[in-house]
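Participant: requesting a structural model of the entry that follows:
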Amino acid sequence: MSETKFSLTQVAVNRPITTLMMSCVVLLVGAISLNGLSVDLMPDLSYPTLSVVTIYPGAGPEEIETLLTRPIEQSLASVTGVEQLTSESMEGSSTVRVRFTWGTNLDAAVDDIRQQLDKLRNSLPETIEAPYVRKYDTADSPILLMGVQSDLSAARLTTLAEQVILPRLEQLDGVARVALRGREERVIHVELDRGRLQARGIGVNQVLEGIRSGNVTQPAGDVRQGNTNVLVRNRGEFNNLEDLRNAVISHEADAIVRVRDVAEVVDGLKEKTELTRVNGQPALMIYVFKQAGANTVLVSDQVHQTVEELNQELTDAIVTIRQDNADFIRESISNIQLSAAWGMGLATIVLILFLHNLTSTLMIAIVMPFSVIATFVLMYFQGFTLNIISFGGLALGIGLLVDNSIVVIESIFRYREEGCSSRDAAIRGTSEVAGAITASTLTTLIVFFPLLFIQGMTGLLLNQLAWVVSFSLSCSLLASLTITPVMAAYWLRSNSTQSAGTTTTTRFHWNPLFWFHQFNRIVIHGLESAYAFLLRLTLRFAFPTLCLLCLIASASVGLYPLIDAELLPKTDEGSITVTMSMAPGINLDQLNAQAIEAEHRIMENTPELVTIAGFIGGDADDSDRWNRAYFRVRLVPRNERKESSEQIRTRIESALVGLPGCRVS
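Facilitator: Next up, the predicted model:
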């Protein structure tokens, strides 16, 4: 055997057991890495945007603009990396949104903003609440929406949800927080009688102090009983309304003034600032938010299981999952997996048609999944997730994975035809083309190299695509230089001079493979004849052929401006969002009246509707929602409706014409 220039192949062929064990290790680590990869719809997009929210109760929009928004904007403009400032001044609150350049360290930016706010604090009104910084994260959007239905009163249902349902959901792995919307909170009202207060010379603050001091539990030391110390506590907390009514406010001579003497104690509900409905009926809604980086599908599966357990345990309430973002993720990932599997299968069929050799095809077919599984290792350590972008990169790379192995197999067969042994042919054939396939792979990788330097959201999306394709092609190159020649050396043992297009099945006329190869020869011969005819024709008329190609290329370039451009293609997720924004200061009843009208129009014009969840207004922590209503419309699956969600969205938009502030997305 002659000296070879490429030692990696020689080492692999001469040590097949080592090569096999290393391959098994890669497959094992790849399987473990695949199990550890999070599944999501898109890559983790950390938008470089922060919001500074300041609450100023009772202040109007003009006061908010003058006293809060403008000073805060001027102060934040000096923060490093700020690209754009936008603000919104509304009744009772100021929101300043700060957009930074992509690549800015948001944690450092938060510290800078807080330092600026601390410097500004003394010049702001004293009665405002301390400004807080809100960082936008994709995890801030709920992944599940659930409804709780019951015959219980709204207040008791709220208590049940807060004490039983929410704690069970919050303890699940991957759940960041659980939010309750549409709650009814119990409040004890102490309604003071001004006349009775004046008659006894008691002020409001005195009543408050009396209630506060009477509703405490204090330690009273300990008492020694034999060898044991007993802790003594003075329990003074109110256990019922009667305890509150009997609370002492003051002692004057022999007269004791209690709460019941100057006020009426009423068991009531807190004034509502938001309403929630499902399919037009009042309901309690639960949002589930996942932790950043958590597996969306895994979190969804856990929530589904917990909901089933809760429904078995609860006798007076039913928890229903109204919307699950993981459903679309499962469907999207499944479609890409199916497409990749089809691509791999079709590539194998094409190899059989053109190579005419099942053994060669099997060797190449083994390299494809090996390269894909090995790619999962690199994805795991790079911190990627399984999403439509990374899976798209794998699907894109599958068609390129077989090229190197095909070249290696053909080179090995050529040396086999010359009479070399299987091992000698594997080493010499692979070494001969090693430089060529390495250069070919590098030229393909260079095409994706510039994608790594794109900035902004586009860069975050294409970055994973470029890395995954590069990973898979690199693994394919390594496999073609090691695994493929090892398999060829030990599977292609025959020293006959048959080519890759000949098999021993030709002698068995009863074998179906014989007729397959006969048919295949006819097809391939026809393709070769057609190609030869076209080649002779183009060579004979070379100049007209070049002119025709230039004309086609010019026409293609001319059509480019007519192609619509968008960051991401529109997808049919089976859900539509309707937003209604009214004038600041509108009360909840007026907002609800408009929301009911919008709700009715949506339900009447959307027969494909499964669920419509409405959120009207917002709580004290959501001041930017006080004048807004949101509707989430869930549609039947795509195969059960004739129109796409985009067509239905247009229909809903037309139905809402005339209602102020409606936006459909």
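
Participant: for the rest of this, base every contact and every neighbour count on C-alpha atoms.
Facilitator: OK.

Participant: per-domain residue ranges of this structure.
Facilitator: What automatic domain parsing lists as the domains of the chain is 1-36+356-502, 49-136, 144-185+285-328, 187-219+236-269, 505-569, 575-664.

Participant: need the winner for burial among these.
Facilitator: Most buried of the domains of the chain, by mean neighbour count (mean count of other C-alpha atoms under 10 Å): domain 1-36+356-502, with a mean of 19.

Participant: before we move on, the earlier item: the domains of the chain: which one's closest to Val350?
Facilitator: Taking C-alpha to C-alpha, domain 1-36+356-502 is the member of the domains of the chain nearest to Val350, at 9.3 Å.

Participant: chain center to that closest one: distance?
Facilitator: Its chain's C-alpha centre and that of domain 1-36+356-502 lie 32 Å apart, by C-alpha atoms, centre = their mean, to the nearest Å.

Participant: could you say which helix or strand contains Pro607?
Facilitator: If you go by DSSP states H and E, Pro607 is not part of any helix or strand.

Participant: same question but for Leu442, I mixed them up
Facilitator: Taking DSSP H and E as the criterion, Leu442 maps to helix 422-448.

Participant: next structured bit after that helix?
Facilitator: Immediately after helix 422-448, counting by DSSP H and E, sits helix 456-491.

Participant: follow-up on the earlier one: tell me which of the domains of the chain lies nearest to Arg277.
Facilitator: The closest of the domains of the chain to Arg277 is domain 575-664. By C-alpha to C-alpha, the value is 5.0 Å.

Participant: what average pLDDT does the closest one get?
Facilitator: Mean per-residue pLDDT for domain 575-664: 80.

Participant: now do stretch 481-490
Facilitator: 88.

Participant: ok, residues contacting it?
Facilitator: With C-alpha atoms under 8 Å, 6 or more residues apart in numbering as the test, stretch 481-490 has contacts from 8-9, 12-13, 16, 19, 360, 363-364, 367, 405, 408-409, 412, 422-427, 430, 434.

Participant: the stretch 451-600 of the chain: helices as residue ranges?
Facilitator: Per DSSP state H, counting those that start in this stretch, the stretch 451-600 of the chain carries helices over the ranges 456-491, 512-540, 542-559, 588-604.

Participant: so which of the ones you listed gets nearest Gln305?
Facilitator: helix 588-604 (30.6 Å).

Participant: past that closest one, which element shows up next along the chain?
Facilitator: strand 609-617.

Participant: by contact count, what packs against that following strand?
Facilitator: Contacts defined by 3 or more C-alpha pairs under 8 Å, 6 or more residues apart in numbering; DSSP states H and E place strand 609-617 against strand 274-278, helix 588-604, strand 628-635.

Participant: dump those to TSV, plus distance to Ile616.
Facilitator: Output for these, formatted as TSV (distance: least, C-alpha to C-alpha, whole Å):
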stretch	distance to Ile616
strand 274-278	5
helix 588-604	6
strand 628-635	4
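
Participant: let me know which of those is the nearest to Ala77.
Facilitator: The closest approach between Ala77 and any of the helices and strands packed on strand 609-617, judged by C-alpha to C-alpha, belongs to strand 628-635 at 29.2 Å.

Participant: alpha carbons only: can I get that closest one in CSV?
Facilitator: Provided in CSV are the C-alpha atoms of strand 628-635 (Å, rounded to 0.1, in the frame of the first residue of the first chain):
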residue,chain,number,x,y,z
ARG,A,628,-58.1,49.2,27.1
ALA,A,629,-59.9,45.9,26.3
TYR,A,630,-58.3,42.8,24.8
PHE,A,631,-59.9,39.8,23.1
ARG,A,632,-58.1,36.6,22.3
VAL,A,633,-60.0,34.6,19.7
ARG,A,634,-59.1,30.9,19.3
LEU,A,635,-60.2,29.2,16.1
